[in-house]
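Visitor: Show me the folded form of this:
(one chain, ligands or ions: 2)
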Amino acid sequence: MSTVTKIMRPSGMTTKTLKSSCRTISTSCRSTLVRVQSTTAQRQTRTLHSATSWASAAAAALKRTYLPPESSTPANGAPTARSQDLPVSRIDERKVVVGFDIGEWAKFHHVWLRDHCRCPECFHPVTKQRLLNTFDIPPDIKPAKVESKPDGLEVHWPSSIPHTSFYPWDWLRRHSYDPPLPRHESSSEEILWCSKIQQAPPTVSYEEVMSPDERGLYKWLTNVDKFGFSFVSGVPATTEATEELSTQIGFSRETQYGKFWDFTADLARGDTAYTNLALGAHTDNTYFTDPCGLQLFHLLEHTGGTGGATLLVDGFYVASILKELYPKAYDTLSRIGVPAHAAGEPGSVYTLFPVTGYPILRHHGDELVQVRWNNDDRSTMDHLTASEMDEWYDAIRLWHKLLTSADSEYWVQLSPGTAVVVNNHRVLHGRSAFTGKRRLCGAYIGLDEYRSKLAVLKERFSDQDPASLSAVILPPKERSVWSPLL
Ligand SMILES: C[N+](C)(C)CCCC[C@H](N)C(=O)O
Ligand SMILES: O=C(O)CCC(=O)C(=O)O
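Guide: Ligands and ions are numbered 1, 2, ... in the order given. Next up is the predicted model:
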């Protein structure tokens with residue numbers, strides 16, 4: 001799955017222009033970036049399949065174009081006959097070759113195919129766990145026969161270890177690796193945002209979210225999936241209602257601050273969150289190996305004072321600007337680890353292992369998957385060379401400049417009744433200093449719990465637009481052993 005980050009520049013702006021305009025960014029959001037997790041090529045149009053049916057001679061000629069040239073050793077078994085427009089398959093010395101389309105073929109190791117059999121004997125139909133012992137498979141196993149069936153490839157293993165396996169075409173194609181064929185899954189879209197998001201912040205109503213059909217919950221989490229945060233309006237201003245709201249997503253993540261927090265500026269816990277100081281844009285739990293996934297906040301009260309506005313910044317948006325304008329700094333922040341600690345509680349002291357910590361920008365391949373930034377919770381930087389130290393400070397200064405620009409910052413004054421959930425791996429949060437009595441409640445939710453709930457809701461509603469889901473309560477769909485998730 002590749003990720004494409006596109007910067008839709010105001011017309012006529014070139015990168016050079018961009019640099020100058022970015023440095024003088026005032027209020028206008030420089031651009032809207034749409035980061036689309038998309039497949040690479042679109043499926044080639046099956047021009048041939050729409051053509052008239054083939055004469056056997058033509059089909060024979062085509063088989064050659066469907067499949068790569070035969071391996072040096074003669075293949076055992078001619079390609080299965082192509083009929084009713086089915087993919088073709090052939091047994092080579094160590095792999096089965098499947099021709100899905102003109103020029104779209106992939107090879108699968110014999111041992112891989114046997115190892116991935118998902119019949120009830122090899123793969124538990126209920127628990128979706130593997131039952132087959134991989135290490136009982138002879139390393140030189142080879143199918144006796146392969147057959148192209150309407151729904152998939154049927155493989156007959158040799159009579160010495162009799163077994164028949166079946167692999168749906170779509171599943172085989174999705175898991176192709178030699179070579180990996182372009183994926184055709186619908187793209188899931190991440191929308192990077194700047195301060196302009198204030199015009200239409202992603203919001204769902206409490207009533208929708210709490211609806212038993214889970215339609216509103218799907219809408220809420222789809223917002224978080226796209227924007228990295230979402231408000232929930234109309235939440236009763238109580239800890240009970242807020243806790244019930246957070247458990248709609250999943251069980252909360254307990255930490256040294258408790259399972260569900262109800263906090264104010266009384267230093268009840270050893271952290272500046274429990275003061276009235278301003279907190280710059282940060283992500284939480286930088287001192288944990290695995291920072292929490294979601295963070296839910298609900299302002300329950302603010303009386304007798306001012307300030308206490310909430311700050312949200314899209315870390316992926318800011319990172320994309322840093323990458324565009326200062327690629328060297330982007331690389332530095334993607335490489336150099338930052339140590340962190342939480343040492344304000346007498347009964348606990350959290351530090352990172354390895355002690356040199358993790359980079360501010362974490363990637364999976366080329367894709368940015370996490371922003372980890374809290375300059376207040378940072379420990380001592382002592383693992384860099386002198387020149388790296390200069391490089392790192394230069395880089396975080398550029399990062400800070402972009403992070404705190406009017407273009408990036410979205411300030412909002414929360415009020416009782418409106419909760420907000422942020423993806424702590426992407427969106428940074430903070431607050432302005434305040435006076436008076438200010439009380440918030442909320443919870444952390446693990447990234448895996450959030451992703452699991454979203455995946456279940458996608459299974460249930462995937463073919464419907466969350467915005468237009470009917471109020472009908474859909475029963476949970478039976479999860480197939482061929483689910484694209486497994
Ligand atoms: C529990 N509550 C969210 C109120 C505060 C947590 C402390 C925040 C900490 N400085 C961090 O950045 O992780
Ligand atoms: O008080 C707030 O609005 C946010 C506090 C905060 O940043 C945190 O608890 O992580």
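
Visitor: so who does L217 touch?
Guide: Listed by Cβ atoms under 8 Å, 6 or more residues apart in numbering, the contact partners of L217 are V209, S211, Q248, I249, K453, L457. Backbone N, C-alpha and C define where each C-beta goes, glycine included.

Visitor: Quick one: residues contacting T247.
Guide: T247 touches nothing, counting by Cβ under 8 Å, 6+ apart.

Visitor: actually D290, not the one I wrote
Guide: D290 sits next to G446, L447 when contact means Cβ under 8 Å, 6+ apart.

Visitor: Which strand or helix spans it?
Guide: Following DSSP states H and E, one finds D290 outside all helices and strands.

Visitor: gap between the closest residue to V427 other than its chain neighbours and ligand 1?
Guide: With Cβ to Cβ, 6 or more residues apart in numbering as the criterion, V427 has its nearest non-adjacent residue at 4.1 Å, and that residue is G228. Noted for G228: a distance of 17 Å to ligand 1, by Cβ to the nearest ligand atom, to the nearest Å.

Visitor: So G228 sits against N423, correct?
Guide: Yes - judged on Cβ atoms under 8 Å, G228 makes contact with N423 at a distance of 4.4 Å.

Visitor: Mind checking which of the two has more residues around it?
Guide: Counted by other Cβ atoms under 10 Å, G228 and N423 do not tie: G228 has more neighbours, with 28 against 24.

Visitor: who touches the more buried one in this structure?
Guide: G228 neighbours (Cβ under 8 Å, 6+ apart): E190, D314, G315, F316, V422, N423, R426, V427.

Visitor: Now compare these and name the two farthest from each other.
Guide: Greatest spacing in the contacts of G228, by Cβ to Cβ: E190 and V422 (14.3 Å).

Visitor: Between these two, which has more neighbouring residues?
Guide: Neighbour count, other Cβ under 10 Å: between E190 and V422, V422 has more, with 25 against 20.

Visitor: returning to what we had before: among the contacts of L217, which one sits closest to ligand 2?
Guide: Among those, I249 lies closest to ligand 2 (Cβ to the nearest ligand atom), at 17.8 Å.

Visitor: thinking the closest one is in contact with E449, fair?
Guide: Yes - between I249 and E449 there is a contact under Cβ under 8 Å: 6.7 Å.

Visitor: More neighbours: those two, which one.
Guide: Legend: neighbour count by other Cβ under 10 Å for I249 and E449, higher for I249 (24 against 18).

Visitor: Now do the strands in the stretch 351-486 of the chain.
Guide: 358-359, 361-364, 367-371, 410-412, 419-423, 427-431, 437-445 (DSSP state E, counting those that start in this stretch).

Visitor: Now the ones you listed in a markdown table, please, with extra columns for mean pLDDT.
Guide: Shown next, in a markdown table, are those (pLDDT from 0 to 100):
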| stretch | mean pLDDT |
| --- | --- |
| strand 358-359 | 98 |
| strand 361-364 | 98 |
| strand 367-371 | 98 |
| strand 410-412 | 98 |
| strand 419-423 | 98 |
| strand 427-431 | 98 |
| strand 437-445 | 98 |
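
Visitor: Those: which one's closest to ligand 1?
Guide: Smallest distance to ligand 1 across the strands of the stretch 351-486 of the chain (Cβ to the nearest ligand atom): 6.4 Å, for strand 437-445.

Visitor: ok, the closest one near ligand 2 or not?
Guide: Yes - Strand 437-445 lies within reach of ligand 2 by Cβ under 6 Å from any ligand atom, at L440.

Visitor: in that strand, what's buried?
Guide: In terms of neighbour count (16 or more other Cβ atoms under 10 Å), strand 437-445 has its buried residues at R438, R439, L440, C441, G442, A443, Y444, I445.

Visitor: L131: which of these is nearest?
Guide: Distances from L131 to the buried residues of strand 437-445, taken by Cβ to Cβ, are shortest for I445, at 32.7 Å.
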